[in-house]
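Enquirer: sequence plus the predicted model coming up.
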Amino acid sequence: MLTKYGPPLLAAIALVFAIYSVQHMKPREVQAAPPLPPPSSVFQKQVGAVGLVESSSEDIAIGVPVPALILEIYVKPGGRVRRGQPLLRLDDRDLRAELALRESQVKLAAAQLERLRNAPRAEDIPPAEARVAEARAALADAETQLRLIESVRDPRAVRTEEVERRRAAVQVARARVAEAEASLARLKAGSWKQDIDVAEAELAAAQKAVDRVRADLERLTVTAPIDGSILQVNTRAGEFAQPGGPRALILMGAAGPLHVRADVDEKDAWRVQPGARAVACVRGNAALRYQIEFVRVEPYVVPKRNLTGDTVERTDTRVLQIIYRLPEEARVYAGQQMDVFIEER
């Protein structure tokens, strides 16, 4: 009996089990409500866009003018700053040493100019007058020697070359008197105007060199260009900063109402009119919906950068950017994405 009816019975049991398993493993469609309701239509006709929250001044990427080591950072994310307030300071030790050198050159040029303006010194005149008197005395002695030799009646007693030598000595003595008198007159006249002009020009050049070094020093302390708040600080003291790096060292924006930059697909751009009403919804909570105020339309259509993650989204799409102002009470943050709905007119 077991041999005769056993295999068919096992086959029947296996068939029943297979049918039961297939029925229970078959996928079932379940109508489940989403955990959060999606944004709903607010206008009769509307254009959807992806919005990115930003500061009213647009996000300002703070950079550095020269590659250098960062010594100090004066701000933190979320802090408020005033225009001209220091944000960070670069290594300025070499410029401070050069400034000290330039300032010493200014002092040297000023001293030289002051010396020319105060010339002559009272102590320099008596020696010059004494040299004039000495030259005159030498002239008188040479003239006396010439008169004595010329007073000899007998030409055989005096050689001709001796007479000529005495006459030349008189001329030399007269030239030395003229030189001493001219030197005294120049000393009493003071410094030459052209010398003073050259000294003044050298002083001005030295001062401009100091101003240039000071300007370079001021550039090494990066300050806030506007009143605003700090959004990001992407560097630390001790790091080496490069101009035009891949990311902003400090990101800041204007304080006050935030803006939403809505990216409208180029194929829908013709449906949107400037000044059209719009609302923005916070992603993840459609109940947080804000009436936003039109600010402007960016006149240039740009490649799309704000990706939503949709599987049918094209990254080569170009978008028209429209700027709206959020109300003061909006609970959003800069850099946050929002769903924007613009009324089609």
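Expert: Here it is on my side, so go on.

Enquirer: report the helix or strand with the lowest average pLDDT across this protein.
Expert: None of the helices or strands of the chain scores lower by mean pLDDT, DSSP states H and E than helix 2-25, at a mean of 72.

Enquirer: excluding chain neighbours, what is closest to Glu181?
Expert: Spatial nearest neighbour of Glu181, chain neighbours left out: Val132 (5.5 Å); criterion: CB to CB, 6 or more residues apart in numbering. C-beta here means a position set from N, CA and C on the backbone, and glycine is covered the same way.

Enquirer: contacts only, for the one you found.
Expert: 177, 180-181, 184 (CB atoms under 8 Å, 6 or more residues apart in numbering).

Enquirer: let's see that with 10 Å instead.
Expert: Listed by CB atoms under 10 Å, 6 or more residues apart in numbering, the contact set of Val132 reads 176-185.

Enquirer: make a PyMOL selection of the buried ones in those residues.
Expert: Command for PyMOL that selects the buried part of the contacts of Val132, burial taken from 16 or more other CB atoms under 10 Å:
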select buried, resi 176+177+180+181+184
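
Enquirer: restricted to helices, list the contacts of Val132.
Expert: Cross-referencing those against helices under DSSP state H gives 176-185.

Enquirer: and which of those is nearest to Glu98?
Expert: Distances from Glu98 to the ones in helices among the contacts of Val132, taken as CB to CB, are shortest for Ser183 (41.8 Å).

Enquirer: the closest one contacts Ala128, doesn't it?
Expert: Yes: the pair Ser183 / Ala128 is scored as a contact, 6.0 Å apart, by CB atoms under 10 Å.

Enquirer: after the least confident helix or strand of the chain comes which helix or strand?
Expert: Sequence order places strand 46-54 as the next helix or strand after helix 2-25, per DSSP states H and E.

Enquirer: and the following helix or strand past that next one, what's buried?
Expert: Scanning forward in sequence from strand 46-54 by DSSP H and E, the next helix or strand is strand 60-62. Across strand 60-62, burial judged by 16+ other CB under 10 Å covers 60, 62.

Enquirer: same check on stretch 265-284?
Expert: 265, 269, 271-272, 276-283.

Enquirer: out of these, which is nearest to Arg147?
Expert: The closest of the buried residues of stretch 265-284, once distances to Arg147 are taken by CB to CB, is Ala269, at 116.0 Å.

Enquirer: which parts of this structure are helices?
Expert: Taking DSSP H, the helices of the chain run over residues 2-25, 93-117, 125-150, 160-189, 193-219.
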